[in-house]
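Student: Provide a 3D model corresponding to the input given below.
(one chain, ligands or ions: 1)
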Amino acid sequence: MAEWQGRTAASQRGYDHQWQKARAAFLALPENQFCERCKAKGILNAGHLRMDGSPQTNPKRMHLVVNHRIAHKGDKQLFWDRLNWEVACPDHHDIRIQQEESGKVRSGTDIDGRPLDPAHPWNAGSV
Ligand SMILES: [Zn+2]
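Tutor: Sure, this is the predicted structure:
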């Protein structure tokens, strides 16, 4: 294992200048203007809404982020694989990260970006 994989600071996990540039370019693409998970529920969220479709009132959360569909866990290949990237609103990004970190959810999604774990709230229809 490379030394950097054990570190926790975001800038040392690969979220460095190169990532900032790649991320900005990805979010600038015409097909990446809305959160994918909100869109799957019929909500076009360009970062101005919460995941339930109500207006986002926290200015710090009015944006979109690039989420890794499969947690890269320091794997540079997964990290930089654009097929593994999806556009997410902060709400969906946080939920994803929390679930993965709590270890309750099988990581990974199918081709539509839906979690593979049948017990995931997304699949249970409660999200
Ligand atoms: Zn969303």
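Student: Buried residues, stretch 82-92. List them.
Tutor: Asn84, Trp85, Glu86, Val87, Ala88, Cys89, Pro90, Asp91, His92 (16 or more other CB atoms under 10 Å). All C-beta spots, glycine's among them, are computed from the backbone N, C-alpha and C.
Student: Within reach of the ion, which of the residues you listed are there?
Tutor: Counting by CB under 5 Å from the ion, Cys89, His92 from those sit close to the ion.
Student: can I get the buried residues of stretch 82-92 in CSV with secondary structure and pLDDT?
Tutor: Listed next are those as CSV, based on DSSP: H, G, I helix; E, B strand; the rest coil; pLDDT from 0 to 100:
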residue, secondary structure, pLDDT
Asn84, helix, 95
Trp85, strand, 96
Glu86, strand, 95
Val87, strand, 96
Ala88, strand, 96
Cys89, coil, 96
Pro90, helix, 95
Asp91, helix, 95
His92, helix, 94
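Student: For Ala119, state which of the buried residues of stretch 82-92 is nearest.
Tutor: Among these, His92 lies closest to Ala119 (CB to CB), at 17.9 Å.
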